[in-house]
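# pasting the sequence and the predicted model now:
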Amino acid sequence: MRIHVTFIDRVGITQEVLALLCGRSFNLDAVEMVPPNVYIDAPTLGVEVLEELREALLGVQGVQAVKVVDILPGQRRHLQLDALLAASSDPVLAVDKCGHVLLANAALITLCGCGPAGESLTKLFNDSDLLTSLIEHAFRLPMREVSLGGQTLLLDAMPITEAGALITLYQPSRIVERLSALRHDHADGFDALLGDSPPIHLLKARAHRVGVLDAPLLIQGETGTGKELVARACHASSSRCDAPFLALNCAALPENLAESELFGYAAGAFTGAQRGGKLGLLELADQGTVFLDEIGEMSPYLQAKLLRFLSDGCFRRVGGDREVKVNVRILSATHRNLEKMVSEGHFREDLFYRLNVLNLQVPPLRERGNDILLMAQHFMRQACAQIQRPICHLAPSTFPALLGNRWPGNVRQLQNVIFRAAAICETPLVDLDDLDIARTAVERQSTAEVTSLEEAVAGFEKNLLEQLYSSYPSSRLLAVRLQTSHSAIAIRLRKYRIPGRP
């Protein structure tokens, strides 16, 4: 039975209360003194003894009430702490200021195989430098790599005032998942691929099929077409969608940095290396996806190391002697002709076939027709929100120029053009001069005043069909070239009287 005694604090009252307890022949499991309260846990205390004890306690000057309670405050806090630790799927332990384990949650005990209470962090992690560094820096250290139970984990310490610290161990992939959730608030999946043209419909249909297959995928297309968006969409549609997606631009880093970013490095691998080593993208993305952009720029040495990883999922960190095995899907992308590079000896043929198990071709913007206007209007809304100005609109006079431009920089170039126009335009209506001020490479195909979207589209269709008809002199050939139906082309040829039809 547990009781709660409330009293008016005065000198000596706690001694009188305790003297009454000591004079009774029953066991006490716990007594908590928090003046003006005393909490008593006495398992053998019966109802009859309780009534006698209650009268005796109320006879002490200053005692106001004696009542039965379900649990003592300290016991309640302990249960809450245990529940909190048990609820965490990450291994957690509390240590004193000397680095000895005070308590650990179930996840850590499972990892260790036994309860580590009383052990030193040095013995637990078999790392003599770890405890020294933690104590020297008052348990405030950047997240550090440790090894426990044969697993590589990241240790995060949070100091507790004058009492030690709370230490949490994270799987590397858990950290990456949280960072990804913070960084990528844009639409994932195929909704991120804007457009309604036949080429983009064909791309989405094929990407839906290959995205779910757990095999390497090579994405090809011109610079700025959105190859990384396609890669993210394929990841989001796969069984790995809840695991990390990490990207490395092979053209952005020199060979040695690209190697350490991808494969990581061991402790002391080189001068200036992070103490304790560093995890590479392959380890951080375990069970997830790694996207290698501009794979055609990868050095021959890294090509060989990547080929070995694709063969058996194993690699060694830079300066390391331990084999690391992970389960990662590799997606790669390039704007270069890898087959030609293979024939010229600039890219490994065996690696090309490893990467090109599945493939996608992202169409250039100039082949996507009215998607250009759809995306331009989307980027305009996006730009206005970013620079915090009222929404601007594209004037109909800009449509032929936007549709007729070759867009060598593709979607990225269009986005930049629209952003500059939104920033420069002084009125809510963006006209052709605003695009010119933004120094675009737009080609003015007509000086006629355009009054509507339908007129602009009609003009573009007529010009396009007239240009292609000489090379594809039938409705069926044109339909194949433009990836649409024979009847749709026949209707337009009659509409625009091509070539000289009545």
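Everything's here; your move. No experiment lies behind these values; they were computed from the predicted model shown. Numbers count the residues shown, from 1 in each chain.
# just the residues contacting stretch 119-134, thanks.
95, 98-101, 112, 116, 141, 144, 146-148, 155, 157, 165, 167 (Cβ atoms under 8 Å, 6 or more residues apart in numbering). No exception for glycine: its C-beta is placed from N, CA and C like everyone else's.
# how about the CA coordinates for that stretch, as PDB?
What follows is stretch 119-134, C-alpha atoms only, in PDB (Å, rounded to 0.1, in the frame of the first residue of the first chain):
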ATOM      1  CA  GLU A 119      30.200  -0.200 -18.100                       C
ATOM      2  CA  SER A 120      32.500   2.600 -19.300                       C
ATOM      3  CA  LEU A 121      32.000   4.000 -22.800                       C
ATOM      4  CA  THR A 122      35.600   3.000 -23.600                       C
ATOM      5  CA  LYS A 123      34.800  -0.700 -23.000                       C
ATOM      6  CA  LEU A 124      31.300  -0.500 -24.600                       C
ATOM      7  CA  PHE A 125      32.600   0.900 -27.900                       C
ATOM      8  CA  ASN A 126      36.200  -0.400 -27.700                       C
ATOM      9  CA  ASP A 127      37.400   3.200 -28.400                       C
ATOM     10  CA  SER A 128      39.800   4.800 -25.900                       C
ATOM     11  CA  ASP A 129      39.700   8.200 -27.600                       C
ATOM     12  CA  LEU A 130      35.900   8.500 -27.600                       C
ATOM     13  CA  LEU A 131      35.400   9.000 -23.800                       C
ATOM     14  CA  THR A 132      38.400  11.400 -23.600                       C
ATOM     15  CA  SER A 133      37.000  13.500 -26.400                       C
ATOM     16  CA  LEU A 134      33.500  13.600 -24.800                       C
END
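# now do it: distance to the chain's middle.
31 Å (Cα atoms, centre = their mean, to the nearest Å).
# got the buried residues for it?
Glu119, Leu121, Leu124, Phe125, Asp127, Leu130, Leu131, Leu134 (16 or more other Cβ atoms under 10 Å).
# please apply the same query to stretch 247-267.
For stretch 247-267, by 16+ other Cβ under 10 Å, it's 247-250, 258-266.
# any stretches of the chain with poor pLDDT?
When residues are selected by pLDDT under 70, those of the chain lie in 25, 173-188, 268, 270-276, 436-451, 500-502.
# mind giving me the domain ranges of it?
2-74, 88-170, 181-361, 366-449, 454-495 (automatic domain parsing).
# export those to CSV and tack on distance to Leu81?
What follows is the domains of the chain, written out as CSV (distance: least, Cβ to Cβ, whole Å):
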stretch, distance to Leu81
domain 2-74, 11
domain 88-170, 8
domain 181-361, 28
domain 366-449, 45
domain 454-495, 64
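# contacting residues around the residue of the chain positioned farthest from its centre?
Ranked by distance from the centre of the chain (Cα atoms, centre = their mean), the top residue is Gly59, with 66.1 Å. Residues counted as contacts of Gly59 (Cβ under 8 Å, 6+ apart): none.
# number the residues from 819 up from this point.
Let's use 819 as the start, then, which means that last one is Gly877.
# distance to Thr824 and secondary structure for the buried residues of stretch 1065-1085 - can I get that in JSON lines?
Formatted as JSON lines, those follow (distance: Cβ to Cβ, whole Å; DSSP: H, G, I helix; E, B strand; the rest coil):
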{"residue": "Ala1065", "distance to Thr824": "63", "secondary structure": "strand"}
{"residue": "Leu1066", "distance to Thr824": "65", "secondary structure": "strand"}
{"residue": "Asn1067", "distance to Thr824": "68", "secondary structure": "strand"}
{"residue": "Cys1068", "distance to Thr824": "72", "secondary structure": "coil"}
{"residue": "Ala1076", "distance to Thr824": "70", "secondary structure": "helix"}
{"residue": "Glu1077", "distance to Thr824": "69", "secondary structure": "helix"}
{"residue": "Ser1078", "distance to Thr824": "65", "secondary structure": "helix"}
{"residue": "Glu1079", "distance to Thr824": "64", "secondary structure": "helix"}
{"residue": "Leu1080", "distance to Thr824": "66", "secondary structure": "helix"}
{"residue": "Phe1081", "distance to Thr824": "65", "secondary structure": "helix"}
{"residue": "Gly1082", "distance to Thr824": "61", "secondary structure": "coil"}
{"residue": "Tyr1083", "distance to Thr824": "63", "secondary structure": "strand"}
{"residue": "Ala1084", "distance to Thr824": "62", "secondary structure": "coil"}
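# direction included, what does the longest strand along the chain pair against?
Secondary structure assigned by DSSP state E gives strand 969-978 as the longest strand of the chain. Looking at strand 969-978 with DSSP bridges, its partner strands are strand 962-966 (antiparallel), strand 982-988 (antiparallel).
# next one: Ala1203 from Cys1210, what distance?
11 Å (Cβ to Cβ, to the nearest Å).
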